[in-house]
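Chemist: quick one, what's the 3D model for this:
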Amino acid sequence: MEVTLAQLIHMAPEMASVLKDDIRMGRLSAVRKRGVAGRPYILKTEDLENSGRPEYRELAEMATRAPMATPQRTKRMMVPPSIATRRPDTELFDIVESQHVMLKDLVQVLTQEMRGRYDRMDRQQMQMQELSYKLGQAHQEIARLERMLAERSFSRMDEAK
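Modeler: The predicted structure follows:
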């Protein structure tokens, strides 16, 4: 019977480091399963029984007696068979990818243009405020000069009489 290293560690967590070390040193034969995330080690219970260590024999007996619960796959991990068996259309993928890059560049350019436009508008607003202030000062100066002119003209008229 085949058992994964993860299942053995789940059954006897205290044996985890010993099992891993023996697999790495070659004292236990294990095969790495391909096509699975993390490529877990697969061990045979016969190899555990023949290893010569009493702990491994007990572990092999526990593995054969206990029904192994397969881990529940979440919906995120499940792929519909139609998608899994079908090869992706690379030409379509390349087209979509190039469109994505073009849209990304377009958004980047538009963002830069909008920033430039807002900067120009801010500068123009500051200039308008400065000009408005200067215009107000000019109006005050004109009013002062008109008053001075009026006072002089009245004073000359009074002198002429």
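
Chemist: make it CA atoms for all contacts and neighbour counts henceforth
Modeler: Fine.

Chemist: can you tell me the centre-most residue of this structure?
Modeler: Most central in the chain under C-alpha atoms, centre = their mean is Lys104, positioned 16.1 Å from the mean C-alpha point.

Chemist: element containing that residue?
Modeler: Assigned by DSSP states H and E, Lys104 belongs to helix 90-160.

Chemist: next one: His10
Modeler: Here His10 sits within helix 5-11, counting by DSSP H and E.

Chemist: what comes up buried for that helix?
Modeler: Leu5, Gln7, Leu8, Ile9, Met11 (16 or more other C-alpha atoms under 10 Å).

Chemist: contacting residues around the residue lying closest to the first one once chain neighbours are set aside?
Modeler: What it means is Leu5. Take Leu5 and drop its neighbours on the chain: the residue closest to it by C-alpha to C-alpha, 6 or more residues apart in numbering is Tyr41, 5.4 Å away. Residues in contact with Tyr41 (C-alpha atoms under 8 Å, 6 or more residues apart in numbering) are Thr4, Leu5, Ala6, Ala30, Val31, Arg32, Lys33.

Chemist: and these, which of them are buried?
Modeler: Thr4, Leu5, Ala30.

Chemist: now Leu28, what's its secondary structure?
Modeler: coil (DSSP: H, G, I helix; E, B strand; the rest coil).

Chemist: tally of neighbours for it?
Modeler: When counting by other C-alpha atoms under 10 Å, one arrives at 18 neighbours for Leu28.

Chemist: wait, it sits on Asp22?
Modeler: Yes. If you go by C-alpha atoms under 8 Å, Leu28 and Asp22 touch, sitting 5.6 Å apart.
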